[in-house]
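Visitor: Build me a model:
(one chain, ligands or ions: 1)
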Amino acid sequence: MDSSVFRAEQLLFEPVSPDPEAIATIYAFPNTYTVGITSLGYQTIWADLAKRKNIAVSRWFTDLSETLPRQPELLGFSFSWELDFVNILGALTKLGIEINSRDRAESEPLVFGGGTVLTANPEPFANWFDLILLGDGEELIGNFLQVYAEVRDLPRKQKLLRLAQVPGIYVPSLYQVTYAAADGEIQKIEAIAPEIPAHVTKQTYRGNNLSASTVVTANAAWENIYMVEVVRSCPEMCRFCLASYLTLPFRTPDAETSLIPAIAKGLKVTSRLGLLGASITQHPEFDLLLDYIAQPEFADVRLSLASVRTNTLSLKLCQLLSDRDSRSVTIAVESGSERLRRIINKKLENSEILQAAANAQAGGLSALKLYGMVGVPGETDQDLEQTVSMLREVKKTAPRLRLSFGCSTFVPKSHTPWQWMAVDKAGGDKLKFLQKQLAPKGIDFRPESYKDSVVQALISRGDRRVEKVLRLAFEFSNGEVPSDGSYRRAFKQLRGEIPTLESYVFETWESDRYLPWQHLQGALPVDTLKKHLQTSLADF
Ligand code: SF4
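Guide: Residues are numbered from 1 along each chain as shown. Just a heads-up that it's a prediction; the model follows:
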């Protein structure tokens, strides 16, 4: 990729020329341009920075960057996929910035980060960031920059002390973690100064306008797509689901005053539209949006939807998708076992899955993608067999649809009721079982890597000591994506210095255990998460 890629962008906002004294900032996405520019979160924060006269922002991707300042004051990362940590280490190395925040000189930039991975559990990366923005960026970024402008000329330590008092800003170096032993559990996490809050609360944006694309380009992963966030969070609260629990409450902007104007703006510059959100069809005015897009003036619009709640995949929706050049739709079913779905809190019957498939076929779509999961707590062999039977039934119900089944392994996520649960050691074998059963039936089985799920769980439940594993694995793999052998070797080398992989990933934790993110307040209090955990355990 070369810099002509930037000239090919159509901007939907007016960047301003920064003041001569503007704060030199690099805003980085730890993956390629194509992946980064397709991230709505990255686009939104970049546009926010580019509209401020007191910020001079340059973008950085792993394969491309704008002209970078020689002396950046701020370096920000949008971090939304755990395994991109490798590229954060790579970026810091390439940009000549100390990896550990404590080793940074006064002249080095403050490194800040935000995004789902850091909001969920920043602890494995705590040593790399001077500060972390927890929660929705809409107001947080402005609050951060306002205070930064005030303390800009102070020594580094004083800047951080002041920034740590802004709601939602977490400065990891100002919290001391005490362990029962080098390889033991956490005993406590305390702020090191009285003016630092004991708990940092994730910030929740309550305004009526969610995100919409600020840039449209042919070089995005979905060529020329304009994206609109229709809802934030999901009211269903499936017990494993970070997309729901981390971002509660469920927010639904007004269709007339917010979403329709946002869609109209994008459709002036492109005919490809993506509606995003964890549960878009649950927007109370979703039909109004469909009616708007169904107007003849948008006949050439190509419409893509994020995953749709299965029992809302109506015939009308399928017909519109088909008319608007969408060939397939994705539904998350989790399992073919109704018992398991009750444990998960997924309110869905097999008959509704069959109806959705029938609607997809009758509506003129050619493919249906289903998503599921193995290793769900309480799962038995019988549940897996029921998943196979359900998929066969779907195939019978809608034989003209190309059917695919994407399947991951359950990973415990912080701030969800299943944060205490373990990864299933048999997860890899279960994926192989499904592969064997489904391939001969003409169902395209697409498993997610079990080994990646183990690393995700390590990161998801890790504390600050996990950083040593990540650094070593990165070193052993010469800066490439570490193999699972590299992680194993790292744990072996660190034996006695940190807990085992087994304890981070494969052990069910006691619900009164002191958690690595105990000092970070998510959307729901931990007692509510415990109640939801108990409800799911009652159905085992
Ligand atoms: S329905 Fe989907 S997005 Fe909503 S809580 Fe369940 S898994 Fe998460």
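
Visitor: Let me know the secondary structure of Ile263.
Guide: The assignment at Ile263 comes out as helix when based on DSSP: H, G, I helix; E, B strand; the rest coil.

Visitor: neighbours of it, just the number please.
Guide: In terms of burial, Ile263 registers 21 neighbours under the definition other Cβ atoms under 10 Å. For every residue, glycine as well, the C-beta is placed using N, CA and C.

Visitor: beta partners for the closest residue to it other than its chain neighbours?
Guide: Once its chain neighbours are removed from consideration, Ile263 has its nearest residue in Val228; the separation is 5.6 Å (Cβ to Cβ, 6 or more residues apart in numbering). On the basis of DSSP bridges, Val228 is bridged to Ala212, Leu275.

Visitor: Now do the end-to-end distance for stretch 69-84.
Guide: For stretch 69-84, the first and last residues are 24 Å from each other (Cα to Cα, to the nearest Å).

Visitor: Correction: the previous question concerned stretch 10-18.
Guide: Between the opening and closing residues of stretch 10-18 there is a gap of 20 Å (Cα to Cα).

Visitor: Return the distance of it from the chain's centre.
Guide: Relative to the centre of its chain, stretch 10-18 is centred 27 Å away, using Cα atoms, centre = their mean, to the nearest Å.

Visitor: So which residues make contact with that stretch?
Guide: Contacting residues not belonging to stretch 10-18 are listed as 47, 50-57, 212-217, 226, 265-266, 269-270 [Cβ atoms under 8 Å, 6 or more residues apart in numbering].

Visitor: What subset of those residues is buried?
Guide: Buried positions within the contacts of stretch 10-18, assessed by neighbour count (16 or more other Cβ atoms under 10 Å), are 47, 50, 52, 54-57, 212-217, 226, 266, 270.

Visitor: ok, so of those, who is nearest the ligand?
Guide: Each of the buried ones among the contacts of stretch 10-18 was scored against the ligand by Cβ to the nearest ligand atom, and Ala212 proved nearest at 20.4 Å.

Visitor: Would you mind measuring from that closest one to Pro417?
Guide: Summarising the geometry, the distance separating Ala212 from Pro417, computed by Cβ to Cβ, to the nearest Å, is 32 Å.

Visitor: Likewise for Ala218?
Guide: Counting by Cβ to Cβ, the gap from Ala218 to Pro417 is 42 Å.

Visitor: If you count surrounding residues, which of the two has more?
Guide: Ranked by neighbour count (other Cβ under 10 Å), Ala218 and Pro417 place Pro417 first, with 28 against 12.

Visitor: who touches that one in this structure?
Guide: Arg239, Tyr245, Leu529, Lys530, His532, Leu533, Ser536.

Visitor: now with 6 Å?
Guide: Arg239, Leu529, His532, Leu533 (Cβ atoms under 6 Å, 6 or more residues apart in numbering).

Visitor: who wins for most neighbours among the residues you listed?
Guide: Neighbour tally across the contacts of Pro417 (other Cβ under 10 Å): the maximum, 24 neighbours, falls on Arg239.

Visitor: circling back to that earlier point, list the ones among the buried ones among the contacts of stretch 10-18 that fall in helices.
Guide: Using DSSP state H to define helices, the subset of those located there is Ala47, Ala50, Gly266.

Visitor: So Ile88: helix, strand or coil?
Guide: The three-state label for Ile88, taken from three-state DSSP, comes out as helix.

Visitor: what about it, distance to Ala8?
Guide: As defined by Cβ to Cβ, Ile88 lies at a distance of 27 Å from Ala8.

Visitor: of the two, who's got more company?
Guide: For Ile88 and Ala8, the more surrounded residue by other Cβ under 10 Å is Ile88, and the numbers stand at 22 against 10.

Visitor: Could you report the separation of that one from the ligand?
Guide: The span separating Ile88 from the ligand equals 27 Å under the rule Cβ to the nearest ligand atom, to the nearest Å.

Visitor: Do a quick rundown of the helices in the stretch 151-300 of the chain.
Guide: Chain-ordered helices for the stretch 151-300 of the chain, with DSSP state H, counting those that start in this stretch as the definition, fall at 156-163, 242-245, 260-267, 286-293.

Visitor: separation between Val407 and Glu334?
Guide: Just to correct that, residue 407 is Cys rather than Val. Using Cβ to Cβ, one obtains 10 Å as the distance from Cys407 to Glu334.

Visitor: Now do the shared contacts for those two.
Guide: Common neighbours of Cys407 and Glu334 (Cβ under 6 Å, 6+ apart) are Gly372.

Visitor: for the residue lying closest to Gly496 once chain neighbours are set aside, what are its contacts?
Guide: In space, and not counting its chain neighbours, Gly496 is closest to Asp183: 5.9 Å by Cβ to Cβ, 6+ apart. With contact taken as Cβ under 6 Å, 6+ apart, Asp183 is in contact with Gly496, Ile498, Pro499.

Visitor: Just give me the neighbour total for the last one.
Guide: When neighbours are defined as other Cβ under 10 Å, Pro499 has 21 of them.

Visitor: what does the stretch 151-300 of the chain have sitting close to the ligand?
Guide: Residues of the stretch 151-300 of the chain lying close to the ligand (Cβ under 6 Å from any ligand atom) are Cys234, Glu236, Met237, Cys238, Cys241, Ala243, Ser244, Ala278, Ser279.

Visitor: Now flag whichever of the contacts of Pro417 is closest to the ligand.
Guide: Taking Cβ to the nearest ligand atom as the measure, the ligand sits nearest to Arg239 out of these, at 8.6 Å.

Visitor: Can you tell me what sits against stretch 485-494?
Guide: For stretch 485-494, using Cβ under 6 Å, 6+ apart, the contacting residues are Lys468, Val469, Leu472, Ala473, Phe476, Ser477, Leu501.

Visitor: Counting neighbours, what do you get for the spatially closest residue to Gln158 that is not a sequence neighbour?
Guide: Excluding the flanking residues, the one nearest Gln158 by Cβ to Cβ, 6+ apart is Val151, at 6.7 Å. Applying other Cβ under 10 Å, we find 15 residues neighbouring Val151.

Visitor: ok, now Glu497?
Guide: Glu497 has 11 neighbouring residues, counting by other Cβ under 10 Å.

Visitor: Pull up the gap between the residue lying closest to it once chain neighbours are set aside and Phe476, please.
Guide: Leaving aside its chain neighbours, Glu497 sits nearest to Ala182 (5.4 Å; criterion: Cβ to Cβ, 6+ apart). For Ala182, the distance to Phe476 (Cβ to Cβ) stands at 22 Å.
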